[in-house]
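*Asks:* give the three-dimensional model of this entry:
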Amino acid sequence: MIPLTLAEITEATAGTLHHVTDPATPVTGPLSFDSRHIAPSSLFACLTGRTLDGHDFAEQAVRDGAVAVIATRPTPVPTLLVPDVLNAMSDIARAIATRYTGTVIALTGSAGKTSTKDILASVLTLDGPTIANEKSFNNEIGFPVTVSRVMPDSRYLVLEMGARGKGHIEKLCDLVRPNIATVLGVGSAHIGEFGSTQAIADAKGEIVRALPQHGVAVLNGDDPLVAAMAQQTQARVITFGTAAGCDVQAVDITVEHGRPAFTLRHGTSEARITLRVHGRHNTINALAAAATAIASGVPFPRIVSGLQEAGLSSGGRMEILERPDGITIINDAFNASPESVIAALTALSDIAGTDRRKIAVLGEMAELGPETEAWHDKIATEVLASGIALTIGIGGEHATRLTAAIRKGGASAIKTDRTPSLPQHINARLKLGDVVLIKGANALALEQTALELADMRTAEN
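*Replies:* Numbers count the residues shown, from 1 in each chain. Coordinates of the predicted model:
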């Protein structure tokens, strides 16, 4: 963290100090809201959740190295008293951002944000110290925590921004003004909350409208709703995509065993890229990372090296788990929008090829509003077209509709619930050599199912 004293933090948050003997005490560690992970000389935020109250862990946090805690009521340890802990975390992030002199990169999109962020961070790290969100910590809690991790020598601060409504991204950009803003695409994720794809585009466009005139907007030229955002800013625009005319382009795309390869072009520079990550949809994510790095001034050869070596560090996204018995588990269970489910089904086919049996474990999709049934019917159609041997639907009525539509189309499908015995239930239906996709909404917690399934063996073995 860029060092701030308790006195400076108190001024930034309009709070008051309690049980603090020296307001000049420096805070050099990042914000934390988990008492199990306290960095030395940090601040612990006493957030109140549905079942736990952070105030109950204040003493433990200080014992473990926190300088003080942020709280709404006095505690027995050094405390910054504020009316609202979450607002205070935002105020601290804003104070840190005003002292940060590096490049701030903001990134959003309906799908692929975290994968793109991981790839981009791998590229930028070759050019200088880089801080980026851990996993998908892109909301009002994870955002200030990420900002607080920035150091005086950090060259890049990469901020993944999620939105569940109008004004969410605008609020985040008000805390930390980006120099570069990247928009991946406008899809159907959270359409039930936004109401329409145009409303989603308007909300995502807030990241572009926040740019200063000397900034750079990095836009997906293959997505008309994103490309149109060029009209919403006076900043310089760089486009990426597969279409002719994009500034950063992928051509000659191929996929081998699920891993995409393509020729990267920018101006007179060109290089053949083979990604370590799986899923042909990661081609566009890698392109977005390349275009953002170009906007940041990273030399083209360094970008090529970074793309070649980049992995997905956040977990639950195209994570390939090979079992000793020859079964492959694709852990893509962190979340599921319709577009990402379709992309995952394509990846399943690419990885399995023509000689391995394909199994899809699909959790029902959430937050799709009136289009929920239509999207589950669309996924059923995609499953049938993919030649999947068995689909296991997880969840309630929408999973029932999905599996019924698949059976009506002549393929095997069963519906079950998310229970502790689910991994065993799936494993009992597997054969040696199968490729199994695990995909579902985060609320279904199917990532744990994928990890448990990866540790099992078939009865045939």
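*Asks:* what residue ranges in the protein score low on pLDDT?
*Replies:* 188-195, 459-461 (pLDDT under 70).
*Asks:* do a quick rundown of the helices in the stretch 1-150 of the chain.
*Replies:* In the stretch 1-150 of the chain, the helices defined using DSSP state H, counting those that start in this stretch lie at 6-13, 58-63, 85-99, 113-125, 142-148.
*Asks:* what lies in contact with the first one?
*Replies:* When contacts are defined by Cβ atoms under 8 Å, 6 or more residues apart in numbering, helix 6-13 is touched by residues 4, 15-17, 20, 22-25, 27, 43, 67-68, 70, 78, 80, 82, 87-88, 91-92, 94-95. Every residue, glycine included, has its C-beta placed from N, CA and C.
*Asks:* about what we covered before: deepest in the core, which of the helices of the stretch 1-150 of the chain is it.
*Replies:* When those are scored by mean count of other Cβ atoms under 10 Å, the highest mean neighbour count falls to helix 113-125 (a mean of 26).
*Asks:* what is that helix packed up against?
*Replies:* When contacts are defined as 3 or more Cβ pairs under 8 Å, 6 or more residues apart in numbering; DSSP states H and E, helix 113-125 sits against strand 103-108, strand 130-132, strand 156-160, helix 282-295, helix 300-309.
*Asks:* compute the inter-axis angle for it and helix 282-295.
*Replies:* If you take axes from the mean of the first three to the mean of the last three Cα atoms, to 10 degrees, helix 113-125 sits at 40 degrees to helix 282-295.
*Asks:* quick one, helices of the stretch 151-300 of the chain?
*Replies:* Under DSSP H, counting those that start in this stretch, the stretch 151-300 of the chain gives helices at 168-175, 191-194, 197-204, 206-209, 224-227, 282-295, 300-309.
*Asks:* could you do the stretch 351-461 of the chain as well?
*Replies:* Counting by DSSP H, counting those that start in this stretch, the stretch 351-461 of the chain has helices at residues 372-386, 397-408, 422-427, 446-454.
*Asks:* before we move on, back to that, among the contacts of helix 6-13, the buried ones, what's the PyMOL command?
*Replies:* Per 16 or more other Cβ atoms under 10 Å, the buried members of the contacts of helix 6-13 correspond to this PyMOL selection:
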select buried, resi 4+15+17+20+25+27+43+67+68+70+78+80+82+88+91+92+94+95
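*Asks:* quick one: which of the contacts of helix 6-13 sit in strands?
*Replies:* Those of these mapping onto strands are 4, 16-17, 27, 43, 67-68, 70, 80, per DSSP state E.
*Asks:* put together TSV for those, with distance to Gly102 on each row.
*Replies:* Output for these, formatted as TSV (distance: Cβ to Cβ, whole Å):
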residue	distance to Gly102
Leu4	17
Thr16	32
Leu17	30
Val27	20
Leu43	22
Val67	24
Ala68	27
Ile70	25
Leu80	27
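*Asks:* contact partners for the most centrally placed residue in the chain?
*Replies:* Residue closest to the average C-alpha location in the chain (Cα atoms, centre = their mean): Thr114, at 2.6 Å. Neighbouring residues of Thr114 by Cβ under 8 Å, 6+ apart: 133, 135-136, 138, 160, 312, 314, 317, 334.
*Asks:* could you do Pro76 as well?
*Replies:* 19, 58-59.
*Asks:* returning to that earlier point: now, among the ones in strands among the contacts of helix 6-13, which is nearest to Pro152?
*Replies:* Closest to Pro152 out of the ones in strands among the contacts of helix 6-13 is Leu4 (11.6 Å), distances taken as Cβ to Cβ.
*Asks:* that closest one contacts Ala95, correct?
*Replies:* Yes: between Leu4 and Ala95 there is a contact under Cβ atoms under 8 Å: 6.4 Å.
*Asks:* what's the most buried one of the helices of the stretch 151-300 of the chain?
*Replies:* Comparing these by mean neighbour count (mean count of other Cβ under 10 Å), helix 282-295 ranks first with a mean of 27.
*Asks:* the residue nearest to Ala24 when sequence neighbours are not counted: how many residues sit nearby?
*Replies:* Nearest residue to Ala24, sequence neighbours excluded (Cβ to Cβ, 6 or more residues apart in numbering): Thr5, at 5.2 Å. Number of residues near Thr5 (other Cβ atoms under 10 Å) recorded here: 15.
*Asks:* now Thr5: how far from Glu11?
*Replies:* Note on Thr5: its distance to Glu11, by Cβ to Cβ, to the nearest Å, is 9 Å.
*Asks:* so which residues of the stretch 201-350 of the chain form strands?
*Replies:* Applying DSSP state E, counting those that start in this stretch to the stretch 201-350 of the chain gives strands spanning 216-220, 236-241, 248-256, 259-266, 269-274, 319-322, 328-331.
*Asks:* same list (these) but as JSON lines, adding mean neighbour count and distance to Pro338.
*Replies:* Below are these laid out as JSON lines (neighbours: other Cβ atoms under 10 Å; distance: least, Cβ to Cβ, whole Å):
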{"stretch": "strand 216-220", "mean neighbour count": "27", "distance to Pro338": "18"}
{"stretch": "strand 236-241", "mean neighbour count": "22", "distance to Pro338": "21"}
{"stretch": "strand 248-256", "mean neighbour count": "16", "distance to Pro338": "21"}
{"stretch": "strand 259-266", "mean neighbour count": "20", "distance to Pro338": "21"}
{"stretch": "strand 269-274", "mean neighbour count": "14", "distance to Pro338": "28"}
{"stretch": "strand 319-322", "mean neighbour count": "17", "distance to Pro338": "21"}
{"stretch": "strand 328-331", "mean neighbour count": "25", "distance to Pro338": "18"}
